[in-house]
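J.: with the sequence up front, the predicted model follows.
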Amino acid sequence: MQNEYMYQLLKQMKAGDQQAFHAMYDATYQDVYRTVSFLVDHQQDREDVMSEIYMQMWLSLDNYDMNRPFHFWLHGLVIRQVQRFRVKSWRRFRIFERIRVFTREEEESYWDQHTALDGTDQMISQSIRKLTDKQRTVIIFRFFHDYTLEEIATLLDVPLGTVKSRYHAGLQALRKYLWNLPPERMEKINDY
């Protein structure tokens, strides 16, 4: 039912219906923002990436194959825009800030602002943020979006072995970060 609604909106968007675009935005915003918030650290950067994702969605409608799953296509747009953002950020960093030491600012995450997280959820969220960008991307798409490792490889356009390596390294790092989690809360990790 959800996919039929999305496909209907896509058809209307292809016909130039801006109201359909607004409806699509409303229907997908939370899922996309949740993913972006784990992949991009700063609030302003997240908003920039979100704008680029939806602009790219509008511009690439003609290239969308209606026989492909919508959410897979949408997450592909997310990955490409986050990667473009990282490349631009790295170039800026190298050019303008070689002398300064790069530090990551502490800021409240989307999760802290919009949901009441207990200590375990905060610990898991913070641990995920400690992963490398590549590990974090695989972990987010595996556990939050339930993609198989093969689908993630296709989405990221990397070999399956690379995805498996990032996945296992990410899980190992998470276990290291969460080793002191109380035993009764270990079930919580498996829910992710």
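T.: Nice, I can see it.

J.: phi, psi for residue 162 please.
T.: Recorded main-chain torsions at residue 162 are phi -70, psi -40, according to degrees, to the nearest 10.

J.: please name the nearest non-neighbouring residue to it.
T.: Spatially, and ignoring its direct neighbours in sequence, residue 162 is nearest to residue 153 (7.3 Å; C-beta to C-beta, 6 or more residues apart in numbering). Placement of C-beta: from N, CA and C, glycine included.

J.: list the buried residues of the helix or strand containing that neighbour.
T.: For residue 153, the host element (DSSP states H and E) is helix 149-156. Using 16 or more other C-beta atoms under 10 Å as the test for burial, helix 149-156 gives 149, 151-153, 155-156.

J.: with respect to residue 31, which of those is nearest?
T.: Top of the list for closeness to residue 31, among these and by C-beta to C-beta, is residue 155 at 14.6 Å.

J.: give the contact list for that closest one.
T.: With contact set as C-beta atoms under 8 Å, 6 or more residues apart in numbering, residue 155 has these partners: 72, 75-76, 79, 141, 147.

J.: quick one: secondary structure of the residue positioned nearest the centre of the chain?
T.: When C-alpha atoms, centre = their mean is applied to the chain, the residue found nearest the centroid is residue 35 (2.8 Å). Three-state assignment for residue 35 (DSSP: H, G, I helix; E, B strand; the rest coil): helix.

J.: list the buried residues in the biggest helix by length in the chain.
T.: With secondary structure taken from DSSP state H, the chain has its longest helix at helix 70-96. Using 16+ other C-beta under 10 Å as the test for burial, helix 70-96 gives 70-71, 73-82, 85.

J.: same check, this time on stretch 61-72
T.: 64, 70-71.

J.: closest to residue 162 among the residues you listed?
T.: residue 71 (22.5 Å).

J.: contacting residues around that closest one?
T.: Neighbours of residue 71 in contact, by C-beta under 8 Å, 6+ apart: 6, 31, 145.

J.: quick one: low-confidence parts of the chain?
T.: 1-2, 90-121, 180-192 (pLDDT under 70).

J.: can you show me the helices along this structure?
T.: Listed in chain order (using DSSP H), the helices of the chain are 2-14, 18-39, 43-59, 70-96, 110-114, 119-130, 133-143, 149-156, 160-177, 186-191.
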